[in-house]
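# Give me a model of this one.
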Amino acid sequence: MTVVRVIWAALAAIVMSVGLLAGCNAAATGGPLNAAGGVGTSSATGGVSAGADSGSPAGAGGALSAAATASGSSCGGKVTNVQDVDRLVNEPVGCPGALNTFWHGELGDAWTAPRFVPYHDGEVPDDACGREVNDPRQFADNALYCTLDDTVAYSVDFLDELTQIGGPTYPLFVLMHELSHRGDRIGGNLGVVTRAEENQADCFAGRQASAAHDAGRIAVTDALQGALLFYSLGDTSGGWFSQEPASAPDAHGSPRQRAQAFAFGYLRDSATCHRIGKSETGDVSF
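Below is the predicted model of the structure:
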């Protein structure tokens with residue numbers, strides 16, 4: 001296990017060093033997912049929304065189950081398709097590698113099964129944030145955690161696109177990021193500035209990916225793809241990124257910061273993620 005993780009870390013470091021995805025800043029993702037998209041994060045999202053990928057909706061055009069149930073659900077195996085993503089996200093506490101199992105381990109009974117709100121581009125999500133903003137442009141090609149009613153909303157079209165690009169784990173990592181915002185809020189561990197909060201969520205996405213990998217639910221190559229995904233979703237290192245305050249409502253980490261945060265979460269521990277959240281500059285180096 002240790003050797004595998006060292007190899008993965010080396011590969012991730014190489015990718016980040018050469019800037020393999022430097023031209024893939026995903027400007028089209030827009031809004032809370034990626035500040036570089038030019039769409040502002042509304043106050044309704046609490047300033048904590050960020051990039052996400054799809055689960056069951058992706059590729060299948062469907063929607064994630066509303067919540068995990070304590071009974072009538074069996075633990076699944078390795079993630080190979082979007083239905084497996086749906087299972088991993090919604091399985092009850094106790095299923096190895098399940099996201100509810102991870103967060104219950106972090107927060108105990110304070111963690112409850114999340115409610116997912118799927119919508120299509122051109123619509124607003126049927127949650128408190130959608131009702132407050134009521135502007136489809138704010139939600140197109142996006143995923144977000146809404147603090148007003150504790151929901152995770154996502155564009156089915158966006159997650160479909162991500163699945164076509166990177167397979168079923170791309171949507172999974174995006175949902176992990178959004179659930180990290182929820183976990184940070186429930187646990188009272190919000191980042192001190194917006195960029196730190198976003199990087200902390202990327203780090204906890206890595207923590208969830210590590211738990212899923214240790215349980216045999218995803219492969220180590222999937223985790224490497226996660227680092228590449230967050231690299232591609234980072235704010236550009238030139239131009240406006242260098243001028244944007246870390247406390248700006250839409251501030252996210254640079255491509256390297258986001259990939260590093262995910263890698264730190266995968267390779268280290270939750271205390272590392274909390275340290276990232278306390279950086280007033282949004283830095284992830286130690």
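# where exactly do the helices run in the protein?
All helices of the chain, identified by DSSP state H, fall at 2-18, 82-90, 99-107, 128-133, 156-166, 169-187, 194-214, 220-232, 240-243, 255-267, 270-277.
# Single out the most deeply packed of those helices.
Neighbour counts (mean count of other CB atoms under 10 Å) averaged over each of the helices of the chain peak at helix 194-214, with a mean of 28. Quick note: C-beta positions are derived from backbone N, CA and C, even for glycine.
# and that one, what does it pack onto?
Counting contacts by 3 or more CB pairs under 8 Å, 6 or more residues apart in numbering; DSSP states H and E, helix 194-214 is packed against helix 99-107, helix 169-187, helix 220-232, helix 255-267, helix 270-277.
# Adding mean pLDDT, write those helices out as CSV.
Formatted as CSV, these follow (pLDDT from 0 to 100):
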stretch, mean pLDDT
helix 99-107, 97
helix 169-187, 96
helix 220-232, 91
helix 255-267, 95
helix 270-277, 96
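# Mind putting these into CSV with distance to A128?
Output for the helices and strands packed on helix 194-214, formatted as CSV (distance: least, CB to CB, whole Å):
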stretch, distance to A128
helix 99-107, 22
helix 169-187, 14
helix 220-232, 27
helix 255-267, 27
helix 270-277, 25
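# so which of those comes closest to D150?
Closest approach to D150 among the helices and strands packed on helix 194-214 (CB to CB): helix 169-187, 6.9 Å.
# follow-up on the earlier one: same list (the helices of the chain) but as CSV, adding distance to D150.
What follows is the helices of the chain, written out as CSV (distance: least, CB to CB, whole Å):
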stretch, distance to D150
helix 2-18, 33
helix 82-90, 16
helix 99-107, 13
helix 128-133, 9
helix 156-166, 20
helix 169-187, 7
helix 194-214, 16
helix 220-232, 24
helix 240-243, 31
helix 255-267, 23
helix 270-277, 20
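# which stretch among those comes nearest T147?
helix 169-187 (6.3 Å).
# mind checking how far stretch 180-199 is from the chain centre?
Counting by CA atoms, centre = their mean, to the nearest Å, stretch 180-199 is centred 12 Å from the centre of its parent chain.
# So, low pLDDT: which residues of the stretch 1-150 of the chain?
Within the stretch 1-150 of the chain, the stretches with pLDDT under 70 are 1-73.
# Would you map the strands across it?
Assigned by DSSP state E, counting those that start in this stretch, the strands in the stretch 1-150 of the chain fall at 115-119, 143-146.
# Excluding covalently adjacent residues, which one is nearest to P255?
Spatial nearest neighbour of P255, excluding adjacent residues (CB to CB, 6 or more residues apart in numbering): G234 at 3.3 Å.
# Compute the number of surrounding residues for the one you found.
30 (other CB atoms under 10 Å).
# surely it meets A251?
No - with contact defined as CB atoms under 8 Å, G234 does not count as touching A251 (11.2 Å).
# The helices and strands packed on helix 194-214: which one's closest to D135?
Judging those by CB to CB, what sits closest to D135 is helix 169-187, at 19.8 Å.
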